[in-house]
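*Asks:* Pasting a predicted model and its sequence here:
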Amino acid sequence: MAPRSIKPVSIDVDAGRRVSGLLQLPAKARCCYVLAHGAGAGMSHPFMASVAAELAERGIATLRYQFPYREQGSRRPDPPALAQATVRAAVAKAQQLAKGLPMIAGGKSFGGRMTSQAQATSPLPGVGGLAFLGFPLHPAGQPSDSRAKHLSDVKVPMLFLQGTRDALAALAMLKPVVKGLGKGATLCLFDEADHSFHVPARTGRKDAEVRAEVLDAFAKWAEKVAA
């Protein structure tokens with residue numbers, strides 16, 4: 001398979017549900033990231049596609065996948081139990097397709113949070129770490145750390161990649177949460193980036209530059225987890 005090629009796959013969630021996925025498996029991949037989308041956009045959103053392509057350039061495979069509500073064209077996220085079941089099915093599929101590669105799971109916003117909830121409830125087989133592309137600690141304008149309570153039940157390394165202007169993760173809340181999780185949790189902050197890793201024009205930086213910094217940090221962390 002060519003480094004940039006994308007292979008469509010089907011993932012059986014349960015007897016009555018199947019969702020779509022996209023596998024990107026570069027030559028000599030070091031690990032595979034099971035990458036869930038955020039609440040407002042599916043696996044083919046430009047951000048998700050860019051992340052998968054640019055991780056492939058860094059020697060990291062990805063399996064992107066849809067949650068059932070997006071597969072059905074709905075905008076209303078699935079209940080947590082169904083979302084978590086989808087995470088488990090996607091991880092199992094990734095292990096079949098990228099056999100032998102170390103596994104990392106997580107994703108953007110809602111997808112990352114559903115992955116962490118699944119891991120906290122019952123460890124995802126074969127997953128050695130979780131990585132969050134903007135963990136949604138609270139709704140915008142409602143600072144709270146209640147969404148983080150389950151994270152103490154996660155026993156694998158966690159990477160929080162966050163913008164300093166993320167309206168869904170006030171730093172005054174997020175920093176103590178990550179610190180309280182101990183040495184297994186790592187927080188990487190990106191100056192002036194928002195929840196989508198967009199930066200204002202006044203910074204003189206492009207979103208692509210910020211995304212490259214985010215993915216460089218991810219790749220460095222992933223290499224340690226995979227080892």
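*Replies:* That came in fine, so what should we check first?
*Asks:* and the helix or strand harbouring residue 21, what other elements does it pack with?
*Replies:* For residue 21, the element it lies in under DSSP states H and E is strand 17-24. Packed against strand 17-24 by the contact rule (3 or more Cβ pairs under 8 Å, 6 or more residues apart in numbering; DSSP states H and E) you find strand 7-14, helix 46-57, strand 60-65, helix 68-71, helix 80-97. Every residue, glycine included, has its C-beta placed from N, CA and C.
*Asks:* ok, the helix or strand just after the longest one: who's next to it in the sheet?
*Replies:* Same thing as helix 80-97. Moving toward the C-terminus from helix 80-97, the next helix or strand (DSSP H and E) is strand 103-108. Sheet neighbours of strand 103-108, with direction, are listed as strand 31-36 (parallel), strand 127-133 (parallel) (DSSP bridges).
*Asks:* Can you tell me which of those strands is packed in deepest?
*Replies:* Per-residue neighbour counts averaged over each of those give the maximum for strand 31-36, namely a mean of 29 (mean count of other Cβ atoms under 10 Å).
*Asks:* what is the orientation angle of that one with helix 46-57?
*Replies:* On the basis of axes from the mean of the first three to the mean of the last three Cα atoms, to 10 degrees, strand 31-36 is oriented at 170 degrees to helix 46-57.
*Asks:* contacts for strand 31-36?
*Replies:* Around strand 31-36, the neighbours that count as contacts under Cβ atoms under 8 Å, 6 or more residues apart in numbering are 25, 43, 48, 51-52, 55, 60-65, 67, 87, 90-91, 94, 98, 101-108, 110-112, 114-115, 127, 131, 218, 222-223, 225-226.
*Asks:* what angle do it and helix 80-97 make?
*Replies:* Angle between the axes of strand 31-36 and helix 80-97 is 150 degrees (criterion: the same axes, to 10 degrees).
*Asks:* where does the protein have low pLDDT?
*Replies:* Segments of the chain classed as low confidence (criterion: pLDDT under 70) are 1-4.
*Asks:* And the residue nearest the centre of it?
*Replies:* For the chain, the residue lying nearest the average C-alpha position, counting by Cα atoms, centre = their mean, turns out to be residue 107 (1.3 Å).
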